[in-house]
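J.: here is a sequence with its predicted model. Questions after.
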Amino acid sequence: MTPAGFDHAELRTERLTLRRPVAGDVVAVHAIHRDPLACAHNPSDALRTPEEAADLLERWLEHWRGFGFGYWVVRRHDAERTLGFCGVKLTDVDDRRALNLCYRFDPADWGQGFASEAAREVVRWAREHLPALPVVARVRPANTASQRVAVNAGLTRAEHLDRPGEDGPDLLFAAGWESEHLSALTARR
Ligand SMILES: CC(C)(COP(=O)(O)OP(=O)(O)OC[C@H]1O[C@@H](n2cnc3c(N)ncnc32)[C@H](O)[C@@H]1OP(=O)(O)O)[C@@H](O)C(=O)NCCC(=O)NCCS
C-alpha cells in the first residue's frame, strides 16, 4: 500500500517537532503510560513495568518499519523533553481500512494546545499522503478534552460508527469517511 521509500520521519508545526520514535523513547513511553491521569479514560492502555513499555514501543516501531508512518514523538523545537505522542496507525472499522488517530500527552503539559497542534498536523499529513484512508478517533464519552482535540484536528462526529471499545463504549470521530463513501456510491451509478 505504501510506496517504496515512503517515510515521513519528521513533521513540524509552529511550536512542535514530531519525530519517528527510537528505542531510547522507552523511558518516556513508560513515564507517560504509567501516569494514572494519562490513562484515566482508557485504563487498558496503562502500563506498569518497563518491559510492558518496551513491548508497546516495539509494536509502534514495527508499524513504522512496515508502513513508513505511525506514532510520532512530540517535543518543542530544540527541547529534549518529550511532551507526548501523536500519530496514526492502520485499523479496520466496519471492514473498512482506516487510520486510527491517537494522542497522549504528559499531564504536566496539558491545556497549552499541544495535542491539538500535533493532531492537526498529523491529520493534515494523513489526508495529503494517504487520502484513500479515512481518519478515525475513538473517544470515551467522558473524555471531553480528547473530543475537542479530535474536532480541532479536523474530524467530525460520526455517530453511525460508534461502537464498543476496549474500555467501554467509544464515540467515533472521522475525517474522509463520508466523502469516500459518497464517491464510492457515485462511482457505482
Ligand atoms: C486529550 C489530551 C491529549 C489533550 O491534551 P492537551 O494538550 O491538553 O489538549 P489541548 O491543550 O490541545 O486542548 C484541547 C481542548 O481540550 C480542552 N480541555 C483540556 N483539558 C480539558 C479538561 N480536563 N476537560 C475538558 N476540556 C479540556 C481545551 O480547553 C481545548 O478545548 P478548546 O479547543 O475548545 O479550547 C490530554 O488530555 C491527554 O493526553 N489525555 C490522556 C490521553 C487521552 O485521553 N488520549 C485520548 C484517547 S482517545
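T.: Yep, that arrived.
J.: all strands for the chain, in order.
T.: 10-12, 16-19, 71-76, 84-93, 96-105, 135-139, 156-157, 163-165, 168-175 (DSSP state E).
J.: list the buried residues of the fifth one.
T.: With burial defined by 16 or more other Cβ atoms under 10 Å, the residues of strand 96-105 counted as buried are 98-99, 101-105. To be clear about C-beta, it is placed using only N, CA and C from the backbone, and glycine gets the same treatment.
J.: same thing with the last one?
T.: Of the residues in strand 168-175, those scored as buried under the neighbour-count criterion (16+ other Cβ under 10 Å) are 170-175.
J.: just the CA atoms of it, as PDB, please.
T.: Below are the C-alpha coordinates for strand 168-175, written out as PDB (Å, rounded to 0.1, in the frame of the first residue of the first chain):
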ATOM      1  CA  GLY A 168     -16.500   0.600  27.200                       C
ATOM      2  CA  PRO A 169     -18.500   2.500  24.500                       C
ATOM      3  CA  ASP A 170     -16.500   4.700  22.200                       C
ATOM      4  CA  LEU A 171     -17.700   7.800  20.300                       C
ATOM      5  CA  LEU A 172     -16.300   7.900  16.800                       C
ATOM      6  CA  PHE A 173     -15.000  11.000  15.100                       C
ATOM      7  CA  ALA A 174     -13.900  10.800  11.400                       C
ATOM      8  CA  ALA A 175     -12.400  12.700   8.500                       C
END
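J.: tell me the strands beside that strand, with direction?
T.: strand 135-139 (antiparallel), strand 156-157 (antiparallel), strand 163-165 (antiparallel) (DSSP bridges).
J.: what pLDDT, on average, does the second one get?
T.: Mean pLDDT, computed over strand 156-157, is 97.
J.: ditto for the first one
T.: Taken as a whole, strand 135-139 carries a mean pLDDT of 98.
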